[in-house]
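*Asks:* coordinates only, no sequence provided:
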């Protein structure tokens with residue numbers, strides 16, 4: 001801790017916003033890692049349970065199960081169940097709207113994390129310029145007789161540059177990984193919506209209709225009045 005405080009003091013005022021950026025980035029990363037867990041977005045146990053209930057046409061039980069879920073998949077399935085019987089177009093519109101809302105939740109704070117990763121090296125560059133101004137200002141006042149004044153300003157410039165890069169590099173890497181994770185989960189939600197549409201369409205089709213749809217057509221019988229239709 002003492003070493004960190006000493007580095008911040010030697011780096012100058014630019015070290016404070018860089019430190020704030022690092023703390024904000026750490027908080028966002030921890031929150032997103034927790035929020036983007038599969039169990040909180042698309043829990044497989046819930047999807048399998050709802051699929052079984054839909055296959056048995058237990059719509060109320062499926063809706064009750066999703067109400068207690070609290071995940072993105074549960075909210076998507078519940079919205080689909082509410083739109084059952086209202087037509088394919090309304091169903092797709094409602095599911096797309098719910099999907100966009102859940103996708104926005106999955107990507108929340110990631111844009112801010114990308115901004116922090118982009119701004120941190122610029123803050124380091126600002127500290128570099130500030131340190132060089134201090135160094136050459138000291139040389140202009142005291143001359144070249146005291147190299148320590150020049151070294152102090154250059155040291156401040158190098159510290160801020162290093163601090164900005166130390167924050168920016170891991171933040172940008174983790175931002176890309178989290179964005180890819182959110183994109184994967186969003187794609188799974190889209191697939192879940194498509195599967196839900198097909199499952200509801202199959203579950204709403206009555207059993208005799210399903211049998212008639214799968215039974216091959218019977219060959220045409222002899223027409224009445226045709227030769228061979230009756231006894232001669």
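*Replies:* Thanks, I have it. Small disclaimer: the values here were computed from a predicted structure and weren't measured.
*Asks:* helix or strand for the residue nearest to residue 107 when sequence neighbours are not counted, which one?
*Replies:* Leaving aside its sequence neighbours, residue 107 sits nearest to residue 182 (CB to CB, 6 or more residues apart in numbering; 5.1 Å). C-beta here means a position set from N, CA and C on the backbone, and glycine is covered the same way. Using DSSP states H and E, residue 182 sits within helix 147-204.
*Asks:* return the list of helices and strands in contact with that helix.
*Replies:* helix 2-11, helix 15-35, helix 38-41, helix 44-55, helix 72-82, helix 88-106, helix 110-142 (3 or more CB pairs under 8 Å, 6 or more residues apart in numbering; DSSP states H and E).
*Asks:* possible to save the ones you listed as CSV with mean neighbour count?
*Replies:* Conversion of these to CSV gives the following (neighbours: other CB atoms under 10 Å):
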stretch, mean neighbour count
helix 2-11, 12
helix 15-35, 16
helix 38-41, 16
helix 44-55, 16
helix 72-82, 21
helix 88-106, 15
helix 110-142, 17
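*Asks:* quick one: the residue nearest in space to the middle of the chain and residue 130, what's the gap?
*Replies:* Residue closest to the average C-alpha location in the chain (CA atoms, centre = their mean): residue 182, at 2.4 Å. From residue 182 across to residue 130, the span is 37 Å (CB to CB, to the nearest Å).
*Asks:* repeat for residue 120
*Replies:* Distance, residue 120 to residue 130, using CB to CB: 15 Å.
*Asks:* now swap in residue 123 and tell me
*Replies:* Residue 123 sits 10 Å away from residue 130, going by CB to CB.
*Asks:* need the overlap of contacts for those two.
*Replies:* Taking CB atoms under 8 Å, 6 or more residues apart in numbering as the contact rule, residue 123 and residue 130 both touch 14, 160.
*Asks:* measure residue 90 to residue 6 for me?
*Replies:* Counting by CB to CB, the gap from residue 90 to residue 6 is 64 Å.
*Asks:* any stretches of the chain with poor pLDDT?
*Replies:* 1-4, 7, 69, 135-136, 138-153, 203-232 (pLDDT under 70).
*Asks:* what do you get if the cut-off is 50, keeping everything else the same?
*Replies:* 205-216, 223-232 (pLDDT under 50).
*Asks:* returning to what we had before: now for the residue nearest to the centre of the chain: which residues touch it?
*Replies:* Counted by CB under 8 Å, 6+ apart, residue 182 has contacts 36, 103, 106-107, 110.
*Asks:* distance of it relative to residue 55?
*Replies:* 30 Å.
*Asks:* swap in residue 75?
*Replies:* 21 Å.
*Asks:* and the contacts of residue 182 as a markdown table, adding distance to residue 137?
*Replies:* What follows is these, written out as a markdown table (distance: CB to CB, whole Å):
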| residue | distance to residue 137 |
| --- | --- |
| 36 | 48 |
| 103 | 51 |
| 106 | 49 |
| 107 | 45 |
| 110 | 41 |
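*Asks:* tell me which of these is nearest to residue 26?
*Replies:* Using CB to CB, residue 110 is the member of these that lies nearest residue 26, at 14.5 Å.
*Asks:* residue 175 is in contact with the closest one, correct?
*Replies:* Yes - under the criterion of CB atoms under 8 Å, residue 110 makes contact with residue 175 at 6.5 Å.
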